[in-house]
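In: predicted model follows, preceded by the sequence.
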Amino acid sequence: MDEYQELSIDYDILNPKEVIFQQKDFFKKLIEEFSIKSCLDCACGTGWHLFMLDELGLNCFGSDLSPSMLLIAKKNLLSKQIPLKLVDFRRLSYSWEMKFDMIICMSTSLPHMLTEVDIIAALDSMFRQLNENGILIISNGISDSLLIEKPKLIPARILKEQAFYFFMEYPTSERVIFNILNIKKIKNGFQHGFAFIENNAMKKVDVEKYLTKIPFKKINYYGNYDFSPYSVKSSKRLIIIAQK
């Protein structure tokens, strides 16, 4: 089942390329610091991270588990020569023979793994596809502060003709559910769309526990793309940079 089939149609409005491109300086610094030449986006979605990283001079490759998101990525990347594949990031070696200087897993993709077994399988798969001294970058919008505050409603994106609202549920300490309402203004009224995504309620301490199972030699945690330190109380994002 492709849980992004409904959401993919308007995903680039919810998470637009202009917002993604604001991460350019973050990646540029890492590319220079770690001498990155190649990159795999293992949860590439609609492809805009790949577009940006290609513009920064990297040899880019992309994969995703959602056929509908990959279809849009192919359209967004028509001007680029970037290979795209339908791949489960728990099994990267099944489809990618080469290894990479950098692997990225952005846009709260890792928390789609609902069990510890699957999370560790994913992290191990990513680790194995890295070159020696390569880096894994994970970005999660599920942070400790979100799980502490437990907001019921998040206005995710409000535009003149369209709006996205997240109605949040926290059924257990291990789960967080995003009920996504997409409201679009049309000629004679409004059109509504709905999507449901269940995620692992992954705190920093959980990520630290999972990463002890994988032999990364250096791991850093940040709260934003400006490399600010991660704060359990206030950070709205958890960014992990792990070096092989």
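Out: Perfect, I can see it now.

In: who are the packing partners of the host helix or strand of Ile103?
Out: Ile103 is located in strand 100-105, with elements delineated by DSSP states H and E. Counting contacts by 3 or more Cβ pairs under 8 Å, 6 or more residues apart in numbering; DSSP states H and E, strand 100-105 is packed against strand 38-41, helix 116-128, strand 130-140. (C-beta placed from N, C-alpha, C; glycine too.)

In: with just CA atoms, put stretch 119-132 into CSV.
Out: Provided in CSV are the C-alpha atoms of stretch 119-132 (Å, rounded to 0.1, in the frame of the first residue of the first chain):
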residue,chain,number,x,y,z
ILE,A,119,14.7,1.0,12.6
ILE,A,120,17.9,-0.8,13.2
ALA,A,121,17.6,-2.6,9.9
ALA,A,122,17.2,0.7,8.2
LEU,A,123,20.2,2.3,10.0
ASP,A,124,22.4,-0.7,9.3
SER,A,125,21.4,-0.7,5.6
MET,A,126,22.3,3.0,5.3
PHE,A,127,25.6,2.4,7.2
ARG,A,128,26.6,-0.4,4.8
GLN,A,129,26.0,1.8,1.7
LEU,A,130,28.3,4.5,3.0
ASN,A,131,31.9,4.8,1.9
GLU,A,132,34.5,4.9,4.7
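
In: ok, and for it, which residues are buried?
Out: 119-127, 129-131 (16 or more other Cβ atoms under 10 Å).

In: stretch 154-165 now?
Out: Result for stretch 154-165 [16+ other Cβ under 10 Å]: buried residues 156-157, 162-165.

In: likewise for stretch 97-110?
Out: In stretch 97-110, counting by 16+ other Cβ under 10 Å, buried: 99-110.
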